[in-house]
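Novice: Okay, here's the prediction I keep looking at, along with the sequence it came from:
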Amino acid sequence: MKNLLLILLLWLPISIFAEVSIDKNNCTITKDGKTFHQYGNVQIVESFPDIKVKIVESFPDIKVTIVDSFADECGKVKVVESFSTLKVQLVESFPDITVKIVESFPGIKDLNR
């Protein structure tokens, strides 16, 4: 019983804090070895997401504009029901990235400022 508890305690931090990196130059996010563009058709799901996102008002990792067509630039997304390039789950805690919804100037924040 103690061995099982020890294994669970060692495994839990690894599964909660998965490796996530953001590439500003290519407008991509890499999670668990898979790279996703931060633009295009996005499907909001309840389970099995590609990335977990928290909507914030300040200090976002990326600013996003929701568009009706031509989501072909960094930070521009079109919400779809199927045929998505990225599946997103909206969460309140333990997000992979934080997002702010904006009307203009979408994109990944400058990490040097």
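Specialist: Looks like it came in fine. Since we're looking at a predicted model, the values are computed, not measured.
Novice: So for Lys100, what's the nearest residue that isn't a sequence neighbour?
Specialist: Of all residues not flanking Lys100 in the chain, Pro60 sits nearest, at 3.8 Å (C-beta to C-beta, 6 or more residues apart in numbering). (Glycine included, C-beta is placed from N, CA and C.)
Novice: Which is the succeeding secondary structure element to the lowest-mean-pLDDT helix or strand in the chain?
Specialist: Within the chain, no helix or strand scores below helix 2-16, which has a mean of 54 by mean pLDDT, DSSP states H and E. Next in sequence after helix 2-16, counting helices and strands by DSSP states H and E, comes strand 20-23.
Novice: my guess is Asp23 meets Lys31, correct?
Specialist: No - using C-beta atoms under 8 Å, Asp23 makes no contact with Lys31, being 11.9 Å away.
Novice: With neighbour numbers in mind, choose between these two.
Specialist: Lys31 (18 against 12; other C-beta atoms under 10 Å).
Novice: thinking that one is in contact with Asp50, fair?
Specialist: Yes - between Lys31 and Asp50 there is a contact at 7.2 Å, judged by C-beta under 8 Å.
Novice: Average pLDDT for stretch 94-113, rounded please.
Specialist: For stretch 94-113, mean pLDDT is 83.
Novice: Can you list the neighbours in contact with that stretch?
Specialist: 16, 18, 20, 22, 24, 27, 29, 31, 38, 51-66, 73-76 (C-beta atoms under 8 Å, 6 or more residues apart in numbering).
Novice: Name the residues of it that are buried.
Specialist: Residues of stretch 94-113 classed as buried: 95-100, 106-108 (neighbour count, 16 or more other C-beta atoms under 10 Å).
Novice: a markdown table please, covering those residues and showing distance to Lys87 and secondary structure.
Specialist: As requested, these are exported to a markdown table (distance: C-beta to C-beta, whole Å; DSSP: H, G, I helix; E, B strand; the rest coil):
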| residue | distance to Lys87 | secondary structure |
| --- | --- | --- |
| Pro95 | 14 | coil |
| Asp96 | 12 | coil |
| Ile97 | 14 | strand |
| Thr98 | 18 | strand |
| Val99 | 14 | strand |
| Lys100 | 20 | strand |
| Pro106 | 20 | coil |
| Gly107 | 21 | strand |
| Ile108 | 20 | strand |
